[in-house]
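# sequence? don't have it. structure:
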């Protein structure tokens, strides 16, 4: 059987902008308590093996280097929070998942650099082509003195997210970083060491600027404006002219500055901030970034590609043509005519004529993807939200949006050969194709519920699961379906099947009010056995390499539903009993194995982990993405596809590249993975 995995219909919980995980104890059922079996099935014993992982990680610097390559969107799909250009050609952009990109041609192309962190980077500032600083979540400060060939983390006295950074002063060695909870850090030695300064606020600070010897501003949430005249040693509050979040500030001279904020609000001072004047609202979109292009010219950028321009130090504004439809979070002019903007899901655009025209550099679908099927080495199909169907006939080098028969979510796809295939999704959607996806025909099915997963075998037999807990069967490549069985105990989310008549379907309660379940048959559906696992939660995907050895992933809830864990289970007896192979604080969505030893799991925050010993130990990989990984498909023990949120399509030919340092194993106590803020948590 070709190794593959299946997505789930459940939505991964979104980490809030101020949430950090607490180290709750594992559920008793995950610490060796014997669980009852359903319908006479033998008891299931869950033995816990826990994993602690490092979060430092090195990104490959070449798209063809070891590890994962971005195939969609291009050049990459992580949201970008900030960008800086030091001249018309050279600049950097930073964002989700520790992303650092460098351009040497004015933003026409970008190359990923090794940041050595997985946390989101929110701010970047450059003194020249060699000296650059970046700041991010968990108090991260990075510094390079060789143009980004190497990035060095600096120790800081905070674990709060740092959202903005700048340098200035008479010698350019005074650095200020601002962030969550009113955090202000100051460096007087070029960013080598940092100390906390009193900000007089607990509101998040989003941007900071130094505009001369000792003078500067910081702005943030709840209309916060802070002023310093001594190089950031002390700060005083200024009275705003309007409310809401202030996202960015630009300074023209010692007296003139402009602030941009939520709901299109703009504010201006001409007396060093003693008074601020609210300006008319030209758009209702949130404005995230300001950038100067000349002595009196300033630009504002925001949600849904909003662009405004002022040529009189912000006194009046002109609304310009939008740059696409995605949010623009950052902008920087290297010269009066050459600039770059960056934003959501990897969006980058550039101008070479002073902003009259903006040309998109990034491209590709950004619809969430839930499943991928590489039916051959060259022919690959992925499906997702709003009926998205993408197909590549050149191994992922290029993608076509195929005609879709629906606007509903498509949750899985499978092909018997490059022409005969089937896709399923929400609302009971089932469609079959005989021409490689050019046309799709509704398939006959008894299900009224959403169909969550799909398996087609080379002989045309097929199996599918539903949100109502049913298993469906097909004998004609997915053109017609009949009911095979039902659990009656909650939705089924994933399945796997082999040519010998073995089928395994997994599910449970997505809200943690019922047990995780495994439904299986060894006689092609003539009889079924249900195994009820001894913990509240759900399993989302399952993979077997033969009739005995298999793995399942999902989510386990605490006794009161107040916490949840990503869980990997392993069986060596065909699914009758299961042991816990891994617990993490990150929800797990998908599992796939290339052979009996080499396997991968994926989930939230771009997490991809690998085992080389059948699940006894696991190691974290550099996935190159911060997107939720919805589906992993192993073609062989080294070739792998991944798809996920934001249109993410990744491929590796070496098993995912080098791992982090060895994962420490422990028993009896869970060590959580680090939770991270994303660009969307702060910006949107």
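Done, it's in. If you're wondering where the values come from, they're calculated on a predicted model, not measured in any experiment.
# tell me the buried residues in stretch 86-93?
86, 88-93 (16 or more other CB atoms under 10 Å). Just so you know, the C-beta spots here come from the backbone N, C-alpha and C atoms, and that holds for glycine as well.
# residues in contact with that stretch?
Residues outside stretch 86-93 that contact it (CB atoms under 8 Å, 6 or more residues apart in numbering) are 80, 82-85, 99-107, 110, 113, 124, 126-129, 132, 134, 148, 330, 332, 334-335, 337-338, 340, 342, 348.
# and for the closest residue to residue 527 other than its chain neighbours, the neighbour number?
Of all residues not flanking residue 527 in the chain, residue 521 sits nearest, at 6.3 Å (CB to CB, 6 or more residues apart in numbering). Neighbour count of residue 521, defined by other CB atoms under 10 Å: 20.
# and if you look at residue 312?
By other CB under 10 Å, neighbour count at residue 312 equals 10.
# average model confidence for the helix or strand where residue 248 lies?
Using DSSP states H and E, residue 248 sits within strand 246-251. Mean pLDDT, strand 246-251: 97.
# next one: stretch 395-405
What stretch 395-405 shows for mean pLDDT is 95.
# how about residues contacting that stretch?
Contacts of stretch 395-405 (CB under 8 Å, 6+ apart): 71-72, 364-365, 377-378, 380-381, 387-392, 410, 431, 437-442, 641, 649, 651.
# ok so, going back, for the residue nearest to residue 527, give the beta-bridge partners.
residue 503 (DSSP bridges).
# that one contacts residue 498, correct?
No. The criterion here is CB atoms under 8 Å, and residue 521 misses it with residue 498 at 11.1 Å.
# if we can go back for a sec, which of the contacts of stretch 395-405 count as buried?
Buried members of the contacts of stretch 395-405, counted by 16+ other CB under 10 Å: 71-72, 364-365, 380-381, 387-392, 410, 431, 437, 440, 641, 649, 651.
# show me the shaky parts of the stretch 301-450 of the chain.
Filtered on pLDDT under 70, the stretch 301-450 of the chain yields the residue ranges 447.
# let's see it at 90
In the predicted model of the stretch 301-450 of the chain, residues 427-429, 444-449 satisfy pLDDT under 90.
# strands of that one, residue ranges please.
Along the stretch 301-450 of the chain, the segments classed as strands by DSSP state E, counting those that start in this stretch run 307-310, 318-320, 328-333, 339-343, 348-351, 359-360, 369-374, 380-384, 389-392, 400-401, 410-415, 421-425, 430-433, 441-442.
# residue 236 - how many residues pack around it?
Residue 236 has 11 nearby residues by other CB under 10 Å.
# residue numbering should commence at 48 henceforth.
In the new numbering, first residue 48, that becomes residue 283.
# which residue sits closest to it, ignoring its sequence neighbours?
Residue 283's closest residue in space is residue 274 (CB to CB, 6+ apart), at 5.4 Å.
# after the helix or strand that contains residue 511, next one along is what?
Using DSSP H and E, the element containing residue 511 is strand 509-513. Sequence-wise, the next helix or strand beyond strand 509-513 is strand 517-521, with elements assigned using DSSP H and E.
# go through that following strand and flag the buried ones.
Quick answer for strand 517-521 (16+ other CB under 10 Å): 517-521.
# now for those residues: which two are most distant?
Maximum pairwise distance among those (CB to CB): 13.3 Å, between 517 and 521.
# give me the neighbour count for the residue nearest to residue 426 when sequence neighbours are not counted.
Leaving out its chain neighbours, the residue that sits closest to residue 426 by CB to CB, 6+ apart is residue 465, at 4.7 Å. A count of neighbours around residue 465, defined by other CB under 10 Å, yields 16.
# and the strand holding residue 511 with strand 457-462, angle?
Interaxial angle of strand 509-513 relative to strand 457-462 (axes from the mean of the first three to the mean of the last three CA atoms, to 10 degrees): 170 degrees.
# related to what we said a few turns ago, of all the buried residues of stretch 133-140, which two lie farthest apart?
Farthest-apart pair in the buried residues of stretch 133-140 is 135 and 140; separation 15.6 Å (CB to CB).
# one step back: the strand holding residue 295: how far from the chain's middle?
Distance of strand 293-298 from its chain centroid, counting by CA atoms, centre = their mean, to the nearest Å, is 27 Å.
# so what are the sheet partners of that strand and their directions?
The pairing partners recorded for strand 293-298 under DSSP bridges are strand 304-308 (antiparallel).
# and the next element down the chain from the strand it pairs with?
Remark: after strand 304-308, the chain's next helix or strand is strand 313-316, criterion DSSP H and E.
# ok, residues contacting that following strand?
287-289, 293, 302-308, 322-326, 328-329, 334, 347, 360-362, 364.
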